[in-house]
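1. Provided below are the primary sequence and the corresponding predicted coordinates.
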Amino acid sequence: MGSIIGSSVKRVEDKRFITGKGNYTDDIQLQGMTYAYIIRSPFAHAKILSINTEEAKNAEGVVAVFTGKDIADSGVGGVPCGWQVNFRNGDTMKEPLHPLLVVNKARHQGDGVVMVIAETKEIAKDAAELVEIEYEELPAVTDAKQAMEAGQPLVHDDCPNNLSFDWELGDKAATDAAFANAHHVTTLEFTNQRVIPNAMEPRSAIGHFEPATDKYTLYTTSQNPHLTRLLLSAFVLGLPEHKVRVVAPDVGGGFGSKIFHYAEEALVIWASKALGVPIKWTAERSESFVTDAHGRDHVSKSEMAFDADGKMIGLRSSTAANMGAYLSTFAPAVPTYLHGTLLQGLYTTPAIYIEVYGVFTNTTAVDAYRGAGRPEATYLLERLIDKAALEMNMDPAELRIKNLIPPFDGVNQPGYETKVALTYDSGNYEPTIRRAMEMVGYEDFRKEQKEARENGKYLGIGFSAYIEACGIAPSAVVGALGARAGLFESAQVRIQPTGKVSVYVGSHSHGQGHETTFAQIVADKLGVGVEDVEIVHGDSEAVAFGMGTYGSRSLAVGGSAIVKSVEKVLEKGAKIAAHKLEASEDDLEFANGQWTVKGTDKSIGFGDVALTAYVPHDYPQGLEPGLDFSSFYDPANFTYPYGCHICVVEIDPDTGKVEVKRFIACDDVGNVINPMIVDGQIHGGLAQGIGQALLEGAIYDESGQLLNASYMDYAMPRADDFPMFETDRTVTPCPHNPLGVKGAGEAGCIGSTPAVVNAVMDALSPFGIKDLEMPLTPERVWRAMHSNGSN
Amino acid sequence: MGIPINVKVNGKEYSQEVEPRQLLVDFLRETLRLTGTHVGCDTSGCGACTILVDGNAVKSCTLLAVQVDGAEVTTIEGLSKNGDHPLQEGFKEEHGLQCGYCTPGMIMAAADLLTNNPNPSEQEIRHALEGNICRCTGYHNIVKSIQYAADKMQGKEVSHG
């Protein structure tokens, strides 16, 4: 490797964004564009008795008005789910139809009912006022645990107890036996509250069917355009895939919420085919709040068993996971294979058992949100450990260290096989925790805390040591676990005749900086400049295939696919170089962009070899011209980043307001290509994780109304909610991918939430408070401080 | 039904008829096709649409187009000729953006801040950004970007971190 990998190269994509020249979906204007507005159910649960669209259809400037019946009559079904999790008894999961527009019944506030298409968005919105819809409101259920009880409203008539599936993992008998022999058991009943992703760019989709060529183009705010194309073609609309182009141009953040295939994407394509005009739909923010897939929403009871020495001997947990009204694309995988499988954490717990109930409610669908299952698993473990430390009068840091899995590099020592179906790739956990403790100055802090308490100030410190699973893989394994897709990545590296490089990669970038990081990899390995490499992504017509960006997979999986293609380029390049240098390939070495005959000054540059490949006058016999290779990379295993986060808070006893005074994150994400970008990813994740701990949370009333569906009401983290973050890294390379990278996109969001809550509980320990539900708003904290420990 | 307005946008005079209900942000994005100004919400809460009107940062979703009759408007496209305003440079140097969606609004809000307070403290910067939401960066590098620009605009040496 050269020096470009591992350096903080400034982002090549920035120029267009800082000059206002980004190209987001809503910025795109096509000739003859029309605009869709979707009328949505104001009720969480309601029968639709009648719809009268006549007046709207006749309004000036209105192009068409479609109802769910129009869609159903055309033979179109619904939006599919991409992951199947069956019942424990083997029965297939319940997977009710998720129609593009509902026909008889709305199942959550915001369920689409009618689509109005007009010459301008203002006319479409005005005409929507002319549509008459008669609803009969039904009782609603929003809480997952309550929804499983007898006598509750049924979201889908054919799903008894509102269950989609129930699922278990681990050895129940061994775990129960461990609890029977325990010296101490710590129990936590809690809600990991529902949060709303809130990518700053609202979702948008443009459908454009061109009758002259029978081609469909969808511009959409997607993290994975190829997957959307596949779902549209194979499942939703039955389109000929080779006639479908899906473009995800610049996308303004995703955080999971733009992984999924949404009804509006299919609607604009369906309607464009019907009308022969391009149609744009862009969500208003209040629409995003009730239609973008939400995150988290687990209600759990979890227990941890210890022996007399403080060693963890058992863990068991039962979770009701709220699926919302329909199964979103990857929803069933989140509380199961991305949550249950992470309950080993960093610890040697010998017996683990978890059961999960996937439950329908009259709420917006829940799916992967930054971390997806791993934050919930980390919260469960790390809150239990801190509570246990308090109950057993042990130091929370030492309790963690005492139970750590010993170091293993995955090369000389095998991977670590957990009790919950995973094999960790490599890890050396204690130094990471020690480094974080050193950064915060743990010993000194405890002294400062003691003095502060004597002066009526409430300082607290909270730990969280997490592990996560990234780059979900390999395809055969995830297929066996219910994934209905492969989870590989593809990349094409095309060397142009002048030696410049075009890379076509399936991992979409919507803030992650791939256009820089991926270019660094290629530049480093080929010995060209970063500015000589162009990364192309997000257009199914340019990029052969892709599985998209989520689960911190882009570098570990997409980056590895790029490396594979680069290696093929170098292999063929060496043949050309050997011919030109009249030497044997075995005698060549490649460094700094040129092949040299070992021990001589005879060499040929990469650019000359590229030109020769396309002007093959003097060329190896039998070798094809050109220098252009594609690869598909299907990883051998997940990658397992880990780290330790420490939060220091001060609580204002007069108001209950929690101030995050310091936040330390020491993460191990394997090798790092661009430290600046990795730090940025960590910062952003921390803000989202701290946001969940202190500020955010969807609030539904009994009738299923989302009460805080705007930025006036939903507490988005703002600049003055945070200190400057203190970050550092340890480096334990991944042993099974060519770059040794593990992934950094979600780490900050996975580790931070319990660190904050643990810090607040530590600060509140003089009040006898052991647990509070998130978000830890001033009101909640103040009330707890004045409740005489009754919480 | 249009109402005539005269407005100078990024140094260029426009005489245009606008619908009385048209928001300024829609006038900029759809009529003038200046799509660098973004819409992130419908309650004037996110700041993605922040622009300068007569030098003051305003949320262009909060004004009607008719209200800028006679005013001078600057959008991100007009902040500098070559994308080299110290704030633009600062955001690039300090990795102050990821997805880029909030960035134009952040930069325009920061431009207003630095006009009124050329040497803001970290807390003053954080306070000044209360009306602008970023979901990507955790604000850490946005604060550093604005500090970079403040230093540069005052002729101080800037660290190329």
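-> Ah, there it is. Numbering: from 1, shown residues only, chains lettered A, B, ... in the order given.
2. pLDDT at the residue in the stretch 151-300 of chain A that chain B sits nearest to, what is it?
-> In the stretch 151-300 of chain A, the residue that lies nearest chain B is residue A:252 (3.0 Å; C-beta to the nearest C-beta). Heads up, the C-betas are built off the backbone N, CA and C, glycines and all. What the model reports for residue A:252 is a pLDDT of 98.
3. Span of stretch B:50-64 from start to end?
-> Distance between the two ends of stretch B:50-64: 14 Å, counting by C-alpha to C-alpha, to the nearest Å.
4. Please apply the same query to stretch A:202-216.
-> End-to-end for stretch A:202-216, by C-alpha to C-alpha: 23 Å.
5. Stretch A:217-229 too?
-> 10 Å.
6. Next, the buried residues of it.
-> Neighbour counts over stretch A:217-229 (16 or more other C-beta atoms under 10 Å in any protein chain shown) mark A:217-229 as buried.
7. now swap in stretch B:40-57 and tell me
-> Buried, per 16+ other C-beta under 10 Å, within stretch B:40-57: B:40-42, B:44-53, B:57.
8. Pick out the most distant pair among those residues.
-> B:42 and B:52 (22.0 Å; C-beta to C-beta).
9. ok, and of the buried residues of stretch A:217-229, which contact chain B?
-> Among the buried residues of stretch A:217-229, no residue is within reach of chain B (C-beta under 8 Å from any C-beta of the partner chain).
10. Just flag the most distant two among those.
-> The most distant members of those, if one measures by C-beta to C-beta, are A:217 and A:223, lying 18.5 Å apart.
11. picking that back up, out of the buried residues of stretch A:217-229, name the ones that lie in helices.
-> A:225-229 (DSSP state H).
12. Could you double-check that residue A:114 sits in contact with residue A:128?
-> Yes: in this structure, residue A:114 is within contact of residue A:128 by C-beta atoms under 8 Å, at 7.4 Å.
13. Now do the shared contacts for these two.
-> Taking C-beta atoms under 8 Å, 6 or more residues apart in numbering or on different chains as the criterion, residue A:114 and residue A:128 both touch residue A:39.
14. Surely residue A:123 touches residue A:61?
-> Yes: taking C-beta under 8 Å as the definition, residue A:123 is a contact partner of residue A:61 at 3.9 Å.
15. Looking at the two, which is more packed in?
-> residue A:123 (20 against 14; other C-beta atoms under 10 Å in any protein chain shown).
16. Please identify which helix or strand holds the more buried one.
-> Under DSSP states H and E, the secondary-structure element containing residue A:123 is helix A:121-128.
17. Now do the contacts for whatever residue of chain B ends up closest to chain A.
-> Among the residues of chain B, residue B:36 lies nearest to chain A; the distance is 1.9 Å by C-beta to the nearest C-beta. The contact partners of residue B:36, by C-beta under 8 Å, 6+ apart, come to A:19-22, B:75-77, B:104.
18. Distance of it relative to residue A:534?
-> Separation of residue B:36 from residue A:534 (C-beta to C-beta, to the nearest Å): 23 Å.
19. SS state for residue A:757?
-> Per DSSP: H, G, I helix; E, B strand; the rest coil, the local secondary structure of residue A:757 is helix.
20. so what's it up against?
-> Taking C-beta under 8 Å, 6+ apart as the test, what residue A:757 contacts is A:379, A:383, A:462, A:693, A:772, A:774, A:776.
21. Quick check: phi and psi on the third one?
-> Listed backbone geometry of residue A:462 is phi -130, psi 140, with angles given as degrees, to the nearest 10.
22. Can you check what pLDDT the model gives residue 142?
-> I'll assume chain A. Model confidence at residue A:142 (pLDDT) stands at 98.
23. Oops, wrong one, chain B.
-> pLDDT, read off for residue B:142, is 98.
24. domain ranges for the chain?
-> The chain I'm using is chain A. In terms of domains, chain A is parsed into A:15-138+A:201-252+A:258-291, A:373-469+A:638-785, A:488-633 (source: automatic domain parsing).
25. looking at chain B here, not the other one
-> Taken from automatic domain parsing, chain B resolves into B:3-78, B:86-153.
26. right, so those: which one is the most enclosed?
-> Greatest average neighbour count among the domains of chain B goes to domain B:86-153 (a mean of 23), per mean count of other C-beta atoms under 10 Å in any protein chain shown.
27. so the residue of the stretch 151-300 of chain A closest to chain B is in which element?
-> Counting by DSSP H and E, residue A:252 is found in no helix or strand.
28. Tally up the residues packed near the nearest residue in space to it that is not next to it in sequence, please.
-> Distance criterion C-beta to C-beta, 6 or more residues apart in numbering or on different chains; nearest residue to residue A:252, sequence neighbours excluded, is residue A:201 at 2.4 Å. For residue A:201, the neighbour count with other C-beta under 10 Å is 29.
29. ok so, going back, take the domains of chain B and write them to JSON lines, including distance to residue A:603.
-> Output for these, formatted as JSON lines (distance: least, C-beta to C-beta, whole Å):
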{"stretch": "domain B:3-78", "distance to residue A:603": "47"}
{"stretch": "domain B:86-153", "distance to residue A:603": "36"}
